[in-house]
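S.K.: here is a sequence together with a model predicted from it:
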Amino acid sequence: MTDDPSCSPNASSTSSKANLLEDNFCKAYDFRGKYGSEATEEKCFRLGLACNAFKRPIALGMDYREHNDSLAKAFLQGFKGEVRFAGAVPSPVIGYNATAWGVVFTASHNPAGYNGVKFKKHKRCFFEGELAKLREWYDASNTPFLSQGTPLPDVDGSLRQTYLDALPEFESGVYDLAGGAVCAVKEVFPDSVFFDPDPAFEKHAPEPKSGALSVLQKKSIDSKKVGFAFDGDGDRCVVVDRGNVVDGGILAAFIASRHLPKKAKVLVTLDTQAEVFRFLEDEGFSVAYTAVGDVFLLKEMLSSQADFAAERSGHYSFKKHMPDSDGIFAAALLSGTRFGEVADFAFQFKQVSLQQEARFALDFSKLRALAEEKAVRVDALDGVKAEFEDFTFLVRASRTEPKVRINVEADSKELAEKGLAWTLEALHRCRVHS
């Protein structure tokens, strides 16, 4: 990026923090919202103007969601640089080709009716400071949008092919494409369900949660193959084995133990189970926690030169591939896994997890001090995570809602309930009264 005034968007006003806070299209890590109110052609035009400040050319792609065409045309009405257009592709295609930077029109796992824009740079997502600069230029872009946008360029098929050439060969498995962006590369999968684009997600939710995966679970059992499910834009992967959805933290441990050399550096987010962290340590990996969120994970991955980074929600990044999370690459890597192998591996992790929420302000420094009195290990990267002899708790503030998330893990339900009671009592002692 550059701060060269000659590259800044056409604007007569300076950026306004108040305006940014009022614009619900601007999210923490991208631009996203309900079409027609939060996500509009005019706002995408302003994004295009703002992007004139960035290095060019761009790699541009989109998922199959309704209104993406008109939003992308509006963006191109404002953006005057060179564009390599990939057409409808999963987000990792643009991430892999974003050697300079890239733009993806996608709302990822959000339901139908939402549209969004993700930004890539040097084969990874934008970091907080970079997105903040983009928001400043976006807020300053006040030229009125008066046309129907600029026609989309011809599709450059080499972007898609370059990405596909970088994937391991798919050996076996059954794949749930959810009617999302991964349908654009459906020919690489040996067996799949929901492989036709479904722009309104009428047949399948774009979020790969257990309630949406019943067809995959049944087919996985009937065919005796491991199942793989993707979110709406393909940067996340969830695994199903013997009919059960495998926890993302456990899957990270499986990937590391099967596909990484000993002593490799592994990063996991703070919500990953303590027993998974201990397993990785015992296996000889150099393992560390990061704050929850793929942005924090990737930032630490690059600065520490980690070999593998995993978020419990299904984001997996591989140094040998690219920093950006890629659910398709993860699935390809695991495609030779035999039926039952992941389930057998997961059986060794027996801790019970209990979740709760609290809607009051919390003094996290006081909570950390309380935990340090008795805990074996305390991490305060993102809220407070404390490992005791009988249980582990993670208390962190939500990044999207005014609430505190509470997670307690233990070797039995009885110990988990005891740990939850202790944690809730500690929270009330640390409550901030207005």
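M.R.: In hand now; what should we look at?

S.K.: low pLDDT regions in the stretch 1-150 of the chain?
M.R.: Low-confidence regions of the stretch 1-150 of the chain, defined by pLDDT under 70, span residues 1-22, 55.

S.K.: can you do 90?
M.R.: Along the stretch 1-150 of the chain, segments meeting pLDDT under 90 span 1-24, 27-29, 53-57, 128, 141-149.

S.K.: just the strands in it please.
M.R.: In the stretch 1-150 of the chain, the segments counted as strands under DSSP state E, counting those that start in this stretch are 31-34, 58-62, 83-88, 101-105, 114-121, 124-125.

S.K.: relative to strand 83-88, how tilted is the fourth one?
M.R.: The reference is to strand 101-105. 40 degrees (axes from the mean of the first three to the mean of the last three Cα atoms, to 10 degrees).

S.K.: given strand 101-105, what are its sheet partners and their directions?
M.R.: Sheet pairing here is set by DSSP bridges, and for strand 101-105 it gives strand 58-62 (parallel), strand 114-121 (antiparallel).

S.K.: pick the most buried one from the ones you listed.
M.R.: Among the strands paired with strand 101-105, judged by mean count of other Cβ atoms under 10 Å, the one packed with the most neighbours on average is strand 58-62 (a mean of 27). The C-beta positions use only the backbone N, C-alpha and C, and glycine is treated the same way.

S.K.: what are the phi and psi values at residue 352?
M.R.: Its backbone dihedrals place residue 352 at phi -90, psi 140, with angles given as degrees, to the nearest 10.

S.K.: that one: neighbouring residues, count only.
M.R.: A count of nearby residues for residue 352, using other Cβ atoms under 10 Å, gives 16.

S.K.: return the residues in contact with it.
M.R.: Residues counted as contacts of residue 352 (Cβ atoms under 8 Å, 6 or more residues apart in numbering) are 409-413, 415-416.

S.K.: return the member of these nearest to residue 193.
M.R.: For residue 193, the nearest member of the contacts of residue 352 is residue 409. The distance, counting by Cβ to Cβ, is 32.7 Å.

S.K.: from what I see, the closest one and residue 391 are in contact.
M.R.: Yes - using Cβ atoms under 8 Å as the test, residue 409 is close enough to residue 391 to be in contact (6.5 Å).

S.K.: of the two, who's got more company?
M.R.: Between residue 409 and residue 391, counted using other Cβ under 10 Å, the more crowded position is residue 391 (24 against 21).

S.K.: for that one, give me the pLDDT.
M.R.: Residue-level confidence at residue 391 comes out at 96, pLDDT.

S.K.: need the contact list for it.
M.R.: By Cβ under 8 Å, 6+ apart, the contact list for residue 391 reads 408-410, 415-416, 418-419, 422.

S.K.: taking those residues one by one, which sit in strands?
M.R.: Among the contacts of residue 391, the members found in strands (DSSP state E) are 408-410.

S.K.: what's the closest of those to residue 278?
M.R.: Taking Cβ to Cβ as the measure, residue 278 lies nearest residue 409 of these, at 11.6 Å.

S.K.: who does the closest one bridge with?
M.R.: Under DSSP bridges, the beta-bridge partners of residue 409 are residue 353, residue 392.

S.K.: distance of it from residue 235?
M.R.: In this view, residue 409 and residue 235 are 27 Å apart by Cβ to Cβ, to the nearest Å.

S.K.: circling back: tell me which of the strands of the stretch 1-150 of the chain sits nearest to residue 227.
M.R.: Between residue 227 and these, the tightest spacing by Cβ to Cβ is seen for strand 83-88, at 24.0 Å.

S.K.: who does that closest one touch, helix- and strand-wise?
M.R.: Strand 83-88 is packed against strand 58-62, helix 91-97, helix 157-165, with contacts defined by 3 or more Cβ pairs under 8 Å, 6 or more residues apart in numbering; DSSP states H and E.

S.K.: about what we covered before: dump the contacts of residue 391 into JSON lines; add pLDDT and distance to residue 149 as well.
M.R.: Conversion of the contacts of residue 391 to JSON lines gives the following (pLDDT from 0 to 100; distance: Cβ to Cβ, whole Å):
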{"residue": "408", "pLDDT": "97", "distance to residue 149": "51"}
{"residue": "409", "pLDDT": "96", "distance to residue 149": "50"}
{"residue": "410", "pLDDT": "96", "distance to residue 149": "55"}
{"residue": "415", "pLDDT": "97", "distance to residue 149": "59"}
{"residue": "416", "pLDDT": "97", "distance to residue 149": "54"}
{"residue": "418", "pLDDT": "97", "distance to residue 149": "59"}
{"residue": "419", "pLDDT": "97", "distance to residue 149": "55"}
{"residue": "422", "pLDDT": "97", "distance to residue 149": "57"}
